[in-house]
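Undergrad: missing the sequence, but the structure's below:
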């Protein structure tokens, strides 16, 4: 067998291996992306429940809290907004 044929067979073998690895990587990447999306939904649900519970304690709607938050916020930001709302309610009740 000529050296050229050996190289051609090796090249073909490597192409097949590369195609298999590429498919495996695509599957793993797809699963990882699905997991990320799942955790994003879990996090958003947790945030919404937290806002609802804090709003219920204050006697306001969760939309009142959400409307005062920036587009990107943390639990500390939610707490600060709730403290501000509570202070506003105390001041309004004194009037």
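TA: Cool, the structure landed. Bear in mind that the values here come from a model prediction, so they are computed numbers and not experimental data.

Undergrad: can you give me how far the helix or strand bottoming out on mean pLDDT in the chain is from the chain middle?
TA: Among the helices and strands of the chain, helix 75-94 carries the lowest confidence by mean pLDDT, DSSP states H and E, at a mean of 87. Remark: helix 75-94 is offset 28 Å from the chain centroid, using C-alpha atoms, centre = their mean, to the nearest Å.

Undergrad: Quick check: which element contains the most centrally placed residue in the chain?
TA: Nearest residue to the geometric centre of the chain (C-alpha atoms, centre = their mean): residue 40, 2.8 Å. Here residue 40, judged by DSSP states H and E, is contained in helix 3-58.

Undergrad: Moving C-terminal from that helix, which element do we reach first?
TA: helix 62-67.

Undergrad: what's that next one in contact with?
TA: 48, 51-52, 54-55, 78, 81-82, 85 (C-beta atoms under 8 Å, 6 or more residues apart in numbering). Every residue, glycine included, has its C-beta placed from N, CA and C.

Undergrad: what about residue 37, distance to residue 69?
TA: 23 Å (C-beta to C-beta, to the nearest Å).

Undergrad: Between those two, which is the more surrounded one?
TA: Neighbour count, other C-beta atoms under 10 Å: between residue 37 and residue 69, residue 69 has more, with 15 against 10.

Undergrad: Which residues are in contact with that one?
TA: 77-78, 81.

Undergrad: Quick check: pLDDT value at it.
TA: Residue 69 carries a pLDDT value of 95.
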